[in-house]
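*Asks:* please work out how this folds:
(one chain, ligands or ions: 1)
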Amino acid sequence: MTQISEMLKKGRTFSFEFFPPKNDEEQAQLVRVLHDLVPLSPSFVSVTYRGGRSSRKRTHDLVAGLKQTTALIPMAHLICVDHTRLELAEILLDLRKAGVVNLMALGGDPPKGEDQKYGELTYAIELVELAQAIGGFSIGVAAQPQGHPDSSDMESDRRHLAEKLRKADFAITQFFFEVDHYMALVDDLSALGVDKPVLPGILPIERLSSVGSIKTMGASVPPKMIEKLENAQNSSSKDPTGAVKRAGIEMAVELCQKLLDKGCPGLHFYTLNRSTATREIYDALNLNPATSETPNSNF
Ligand code: FAD
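*Replies:* Residues are numbered from 1 along each chain as shown. Now for the predicted structure:
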């Protein structure tokens, strides 16, 4: 029962995020992705709580299944939205019974079309407190380098984050594309007296069409990055899609290297249940345990 907080005390972690499949096709895709990514020996893998309360069984089954059938260390995501306090406590107890000791405690978003959060708990910090009352969890929370999209101002957003992270063990960030955004987050938290590990979340942009949706999730894509992606698309008449993907991965590698050089406590990859980009970034950073000349001490 390895806790992520214990791993982080020993050194860097390199982790992957998956979402629980909703149908047979997604299940088959996840099996293929796990087959490709397990050899990279991630420090832990996280499983999202996808689509509100209907994720309860799917997320539980995937983390429990990974725990039982693989050597992977899973972390379950859980959201406050749309659950009673009792339901959340039951979910947490079920996770403990399945031997899952790592939890990502999240506020969650109201279902599409609803502008008001509902559920008995409003903020992620309340879920952190509930999980702590049950006991035995290493608890991560979400951090937004550029502020939560719904926040009225950065100052209060940082204050709420600091309050939440003071209680939790570590944070994982929303994806971002400039190292300065991560450094500003870490510095602001430090100024508020919070120096817990903050794991940068990494998402390579693999399609120009995804730039719009990325922005709505609180991350700005720098114009020079969009220009590089457009140039890649325009310069390859044979395979513009592949060229954009390669450019996106190249820029993600550069960001990861800068973050590692700045001393970040690890990297968390948003895999979107695909494997190519993560494998290529691992290879470029010399993190692949099969080929690395200087394997990371965590492997
Ligand atoms: P909170 O910490 O509760 O913050 C939400 C907002 O409330 C912020 O604007 C904050 O500043 C404000 N706030 C906090 N405390 C207070 C207070 N006391 N008073 C007033 N305002 C306050 N969503 C899913 O549905 N499933 C997932 O699996 C999932 N995984 C995620 C993983 C990561 C790494 C990240 C970064 C996000 C993830 N999300 C997921 C999205 C997340 O649920 C949303 O961003 C959600 O809107 C906020 O969640 P939070 O945990 O940051 O909430």
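
*Asks:* rest of the way, CA atoms for contacts and neighbours
*Replies:* Fine.

*Asks:* got the CA coordinates for the lowest-mean-pLDDT helix or strand in the chain in PDB?
*Replies:* Across the helices and strands of the chain, mean confidence by mean pLDDT, DSSP states H and E is lowest for helix 211-216: a mean of 89. This file holds the C-alpha atoms of helix 211-216, laid out as PDB (Å, rounded to 0.1, in the frame of the first residue of the first chain):
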ATOM      1  CA  VAL A 211      -6.500  24.900 -28.800                       C
ATOM      2  CA  GLY A 212     -10.000  26.300 -28.200                       C
ATOM      3  CA  SER A 213     -11.100  23.700 -25.600                       C
ATOM      4  CA  ILE A 214      -7.800  24.000 -23.800                       C
ATOM      5  CA  LYS A 215      -8.400  27.700 -23.300                       C
ATOM      6  CA  THR A 216     -11.800  27.000 -21.700                       C
END
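
*Asks:* how far away from the center of its chain is that helix?
*Replies:* Centre-to-centre, helix 211-216 and its host chain are 17 Å apart (CA atoms, centre = their mean, to the nearest Å).

*Asks:* what does stretch 102-110 give?
*Replies:* Here the centre of stretch 102-110 is set off from its chain's centre by 11 Å, with CA atoms, centre = their mean.

*Asks:* can you check stretch 183-193 too?
*Replies:* 20 Å.

*Asks:* what comes up buried for it?
*Replies:* Applying a neighbour-count criterion of 16 or more other CA atoms under 10 Å, one finds 185-186, 188-189 buried in stretch 183-193.

*Asks:* now swap in stretch 217-228 and tell me
*Replies:* In terms of neighbour count (16+ other CA under 10 Å), stretch 217-228 has its buried residues at 218-221, 225.

*Asks:* hmm, stretch 165-176 touching the ligand?
*Replies:* Yes - under the criterion of CA under 6 Å from any ligand atom, stretch 165-176 makes contact with the ligand via 172-174.

*Asks:* contact residues of this structure facing the ligand?
*Replies:* For the chain, the contact set with the ligand under CA under 6 Å from any ligand atom comprises 48-50, 77, 106-109, 123-124, 142-143, 148, 150-151, 157, 160, 172-174.

*Asks:* among those, name the buried ones.
*Replies:* Buried subset of the residues of the chain next to the ligand (neighbour count, 16+ other CA under 10 Å): 48-50, 77, 106-109, 123-124, 142-143, 148, 157, 172-174.

*Asks:* gap between the two ends of stretch 33-44?
*Replies:* End-to-end distance of stretch 33-44 (CA to CA, to the nearest Å): 15 Å.

*Asks:* now that stretch, how far from the centre of its chain.
*Replies:* Once both centres are worked out by CA atoms, centre = their mean, stretch 33-44 turns out to sit 15 Å from its chain's centre.

*Asks:* how about stretch 223-238?
*Replies:* Relative to its chain's centre, stretch 223-238 lies at 27 Å (CA atoms, centre = their mean).

*Asks:* equivalent analysis for stretch 253-264, please.
*Replies:* Between the mean C-alpha point of stretch 253-264 and the mean C-alpha point of its chain there is a distance of 17 Å (CA atoms, centre = their mean).

*Asks:* may I see the buried residues of that stretch?
*Replies:* By neighbour count on 16+ other CA under 10 Å, the buried set for stretch 253-264 is 253-257, 259, 264.

*Asks:* between the residues you listed, which is nearest the ligand?
*Replies:* residue 264 (15.5 Å; CA to the nearest ligand atom).

*Asks:* surely the closest one meets residue 199?
*Replies:* Yes - Residue 264 lies in contact with residue 199 (CA atoms under 8 Å); the separation is 7.0 Å.

*Asks:* residue 185: which element?
*Replies:* With elements taken from DSSP states H and E, the one containing residue 185 is helix 179-191.

*Asks:* find the nearest non-adjacent residue to residue 60, please.
*Replies:* Once flanking residues are discounted, residue 60 sits nearest to residue 95: 6.9 Å by CA to CA, 6 or more residues apart in numbering.

*Asks:* Three-state assignment for that neighbour, please.
*Replies:* In the three-state summary, residue 95 is assigned as helix, counting by DSSP: H, G, I helix; E, B strand; the rest coil.

*Asks:* hang on, residue 209 in a helix?
*Replies:* Yes - when classified by three-state DSSP, residue 209 is found to be part of a helix.

*Asks:* gap between it and residue 85?
*Replies:* According to CA to CA, residue 209 stands 39 Å off from residue 85.

*Asks:* between those two, point out the one with more neighbours.
*Replies:* For the pair residue 209 and residue 85, the greater number of neighbours falls to residue 85 (16 against 9), based on other CA atoms under 10 Å.

*Asks:* alright, calling it a day.
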